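Undergrad: sequence and computational prediction follow.
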Amino acid sequence: MLLDKPLGFSSNQVLQKVKWLYQAAKAGHTGTLDPLATGLLPICLGEATKFAQYVTDADKTYLATIKLGVTTNTGDAEGEVLSTAVVNVNKTQFVQACQQFVGEISQIPPMYSALKHEGKPLYAYAREGVNIGRQARLITIKNIVLNEFLDDVAQITVTCSKGTYIRTLAEDIGVTLGCGAHLIGLRRTETAGYVLSQAIAIEQLETLSIEVRDALLLPVDSAIEGLPVVTLNADAAYFIMQGQSVWMAGKIPNSDLRLYDEKNSFLGLGFLQDDGKIAPKRLMQKIQSN
């Protein structure tokens with residue numbers, strides 16, 4: 001289910017609503033969006049939860065709006081103002097500052113985040129005035145494009161690896177420019193090949209009939225379309241679904257594999273063993289036709 005997360009709701013609140021609407025026994029989202037962030041939030045239901053990690057691990061694209069000259073304790077518009085400064089930055093300088101963060105960079109996660117320390121989220125410590133040391137993590141910024149620049153507000157499109165905090169990126173750009181900055185708007189537009197134009201608002205989803213709502217669900221294997229395909233004959237498909245490894249003729253890629261039977265039903269994921277056999281990795285509970 002591709003949802004356009006609304007402003008002011010946590011990802012978990014939206015997840016629980018969708019889970020209830022579909023009466024799903026299992027559900028999970030694929031990458032947290034802050035309450036102040038909106039946009040594309042893929043939600044996996046039922047068997048799709050087995051493959052959610054592939055969406056979570058995928059690159060993301062965001063539309064981010066940054067205000068220069070003001071810093072806050074949260075790095076976004078929700079926090080208390082820490083400092084203000086005169087902004088004397090032109091468009092060229094801003095673009096140059098952004099380009100310094102393109103590539104593999106080291107980023108320290110913010111205190112106001114859902115990362116856990118001893119089972120407790122960092123934001124809970126932050127609200128208590130406790131600062132927890134955080135280790136820098138390597139992330140990759142694939143691209144930054146400037147869309148608009150007006151006085152002290154800039155809008156950029158950022159494509160990045162999982163685990164990237166756009167709030168932190170905004171703050172770091174502000175530090176580089178010497179005036180400080182914070183994030184005032186964030187909208188996820190793409191992840192794992194899914195795009196925002198495919199998503200539906202929760203308010204609209206609630207008004208639909210069960211039949212129309214079900215028709216919006218994408219196939220489970222849409223989450224892993226980038227993986228190579230192996231089609232198994234009837235015997236091989238049977239043994240794979242029993243949890244056994246099977247031989248396959250031909251050259252098999254040494255990676256995770258999308259497995260299908262001769263009727264093009266998605267069976268699950270497999271991988272190539274050292275002995276040349278295909279072994280099951282994560283299987284559907286039962287064979288389903290697309």
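TA: Cool, got the structure.
Undergrad: which one is residue 244 nearest to, not counting chain neighbours?
TA: residue 280 (7.7 Å; CB to CB, 6 or more residues apart in numbering). No exception for glycine: its C-beta is placed from N, CA and C like everyone else's.
Undergrad: who does that neighbour form a beta bridge with?
TA: Residue 280 has these beta-bridge partners by DSSP bridges: residue 270.
Undergrad: show me the contacts for it.
TA: 240, 241, 243, 244, 245, 259, 268, 269, 270 (CB atoms under 8 Å, 6 or more residues apart in numbering).
Undergrad: for residue 198, same thing?
TA: With CB under 8 Å, 6+ apart, residue 198 has these contacts: residue 2.
Undergrad: and this structure, what are its domain boundaries?
TA: Listed by automatic domain parsing, the domain ranges of the chain are 2-58+193-222, 60-191, 227-288.
Undergrad: number of residues surrounding residue 127?
TA: 11 (other CB atoms under 10 Å).
Undergrad: likewise for residue 58?
TA: 20.
Undergrad: next: residue 3.
TA: For residue 3, the tally of surrounding residues (other CB under 10 Å) stands at 22.
Undergrad: cool, and the one 4 residues further on?
TA: Counted with other CB under 10 Å, the burial measure for residue 7 works out to 12 neighbours.
Undergrad: same deal with residue 1?
TA: Using other CB under 10 Å, residue 1 has 23 neighbouring residues.
Undergrad: okay but it is in contact with residue 42, surely?
TA: Yes - using CB atoms under 8 Å, residue 1 makes contact with residue 42 at a distance of 7.2 Å.
Undergrad: want to try CSV for the domains of the chain, with mean pLDDT as columns?
TA: As requested, the domains of the chain are arranged in CSV below (pLDDT from 0 to 100):
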stretch, mean pLDDT
domain 2-58+193-222, 94
domain 60-191, 93
domain 227-288, 91
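Undergrad: contacting residues around residue 246?
TA: Applying CB under 8 Å, 6+ apart to residue 246 gives the contacts 232, 235, 236, 239, 240, 277, 278.
Undergrad: cutoff 7 Å now
TA: 232, 236, 239, 240, 277, 278 (CB atoms under 7 Å, 6 or more residues apart in numbering).
Undergrad: relative to residue 25, which of these is nearest.
TA: residue 240 (24.5 Å; CB to CB).
Undergrad: which SS class is that closest one?
TA: In three-state terms, and counting by DSSP: H, G, I helix; E, B strand; the rest coil, residue 240 is helix.
Undergrad: now do the lengthiest strand in the chain: which elements does it pack against?
TA: When the chain is parsed with DSSP state E, its longest strand is strand 137-150. Under the contact criterion of 3 or more CB pairs under 7 Å, 6 or more residues apart in numbering; DSSP states H and E, strand 137-150 touches helix 91-99, strand 103-107, strand 153-160.
Undergrad: could you find the closest non-adjacent residue to the residue most central in space within the chain?
TA: By CA atoms, centre = their mean, the chain has its centre lying nearest to residue 31, at 3.9 Å. Leaving aside its sequence neighbours, residue 31 sits nearest to residue 56 (CB to CB, 6+ apart; 5.3 Å).
Undergrad: who touches that neighbour in this structure?
TA: Applying CB under 7 Å, 6+ apart, we find residue 56 in contact with 30, 31, 162.
Undergrad: that one and residue 27, how far apart?
TA: 14 Å (CB to CB, to the nearest Å).
Undergrad: same deal with residue 244?
TA: On the measure of CB to CB, residue 244 and residue 27 end up 30 Å apart.
Undergrad: out of these two, which sits in the more crowded spot?
TA: Neighbours around residue 244 and residue 27, counted as other CB under 10 Å, are more numerous at residue 27. The numbers are 19 against 12.
Undergrad: from memory the more buried one sits against residue 45, does it?
TA: Yes - at 5.1 Å, residue 27 and residue 45 qualify as touching, with contact defined as CB atoms under 7 Å.
Undergrad: my guess is residue 12 is in a helix, correct?
TA: Yes - counting by three-state DSSP, one finds residue 12 located in a helix.
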